[in-house]
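J.: show me the folded form of this:
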Amino acid sequence: MGIAGIILAAGDSTRMGRDKALLPWPPNAASNPARPASTLLSSAIQSLAEHCELVIVVAGKNEANLQPVAWAQGAFLISNPSPERGQFSSLQTGLREALNRGRDNAMITLVDRPPAQQATLVELIERFIQRAHETWAVVPEFGGKHGHPILAGRDMIEKFLRAPTASSARDVEHAHREHILYVPVNDPLVIRNIDTPEDYASIKSEN
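T.: Just a heads-up that it's a prediction; the model follows:
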């Protein structure tokens, strides 16, 4: 289907105090010397790579720090030239790169979202493949909340790219709700978000 995985990782991680992309993942992996070092970014790349023809990581000022991780996992690393414009500008940067590389569909996630279960990704892709013509994107849902990753077809990609940079993905998505298929999944990870040390500690205590 020509799916490109896109990971948005250009944020400054100011609330976390360190780059979230480089946090150990699973959370307790750092305390287990028998396990190879893994991070949120490397785990996200591995997760998407199972289902996508290529994976694109969008970095910002942290490009040099993310480069070894992205390249070691076989991902393409591109830079948002103006990350201060916000996350939506990184999304547009990643989507343009996907189109430039000949992919009309994208699986989009944020680096501070823990990788979803593989069974969840399989289900989302199956629903995406089987979607009706008027369905532009597939979004997972858990507990009534919408999550990630988002699977977007060419029509949805075009809406994202044509929106003002000051927009948000959620605003664009909600403006076209009639073209979005929300898929309930039994996977709380799709709505988990790691913004602060407390968020990370909470997940760590669960593992």
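J.: can you give me phi and psi for Leu181?
T.: Dihedral pair for Leu181: phi -100, psi 110, per degrees, to the nearest 10.
J.: ok, Glu134 next?
T.: Backbone torsions for Glu134, taken as degrees, to the nearest 10, come to phi -80, psi 0.
J.: scan the chain for its longest helix.
T.: Secondary structure of the chain per DSSP state H: the longest helix is helix 87-100.
J.: export it as CSV, just CAs?
T.: This file holds the C-alpha atoms of helix 87-100, laid out as CSV (Å, rounded to 0.1, in the frame of the first residue of the first chain):
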residue,chain,number,x,y,z
GLN,A,87,4.3,20.1,16.2
PHE,A,88,1.9,20.6,13.2
SER,A,89,4.8,22.0,11.2
SER,A,90,6.8,18.8,11.9
LEU,A,91,3.8,16.8,10.8
GLN,A,92,3.7,18.7,7.5
THR,A,93,7.5,18.3,7.1
GLY,A,94,7.2,14.5,7.6
LEU,A,95,4.2,14.2,5.2
ARG,A,96,5.9,16.1,2.4
GLU,A,97,8.9,13.8,2.8
ALA,A,98,6.6,10.7,2.6
LEU,A,99,5.0,12.0,-0.6
ASN,A,100,8.5,12.9,-2.1
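J.: which of the three states applies to Ala44?
T.: Following DSSP: H, G, I helix; E, B strand; the rest coil, Ala44 is assigned to helix.
J.: pretty sure it is touching Leu121, no?
T.: No: with contact defined as C-beta atoms under 8 Å, Ala44 does not reach Leu121; the gap is 11.5 Å. C-betas here are computed from N, CA, C, even on glycine.
J.: before we move on, the earlier item: next, the buried residues of the longest helix of the chain.
T.: If you call a residue buried by 16 or more other C-beta atoms under 10 Å, then helix 87-100 has these buried ones: 87-95, 97-99.
J.: just the mean pLDDT for it, thanks.
T.: Averaged across helix 87-100, pLDDT comes to 96.
J.: C-terminal to it, what's the next element?
T.: Sequence order places strand 105-110 as the next helix or strand after helix 87-100, per DSSP states H and E.
J.: and the very next helix or strand once past that next one, what does it pack onto?
T.: Next helix or strand after strand 105-110 toward the C-terminus (DSSP H and E): helix 118-129. Contacts defined by 3 or more C-beta pairs under 8 Å, 6 or more residues apart in numbering; DSSP states H and E place helix 118-129 against helix 40-49, strand 105-110, strand 137-142, strand 150-152, strand 180-184.
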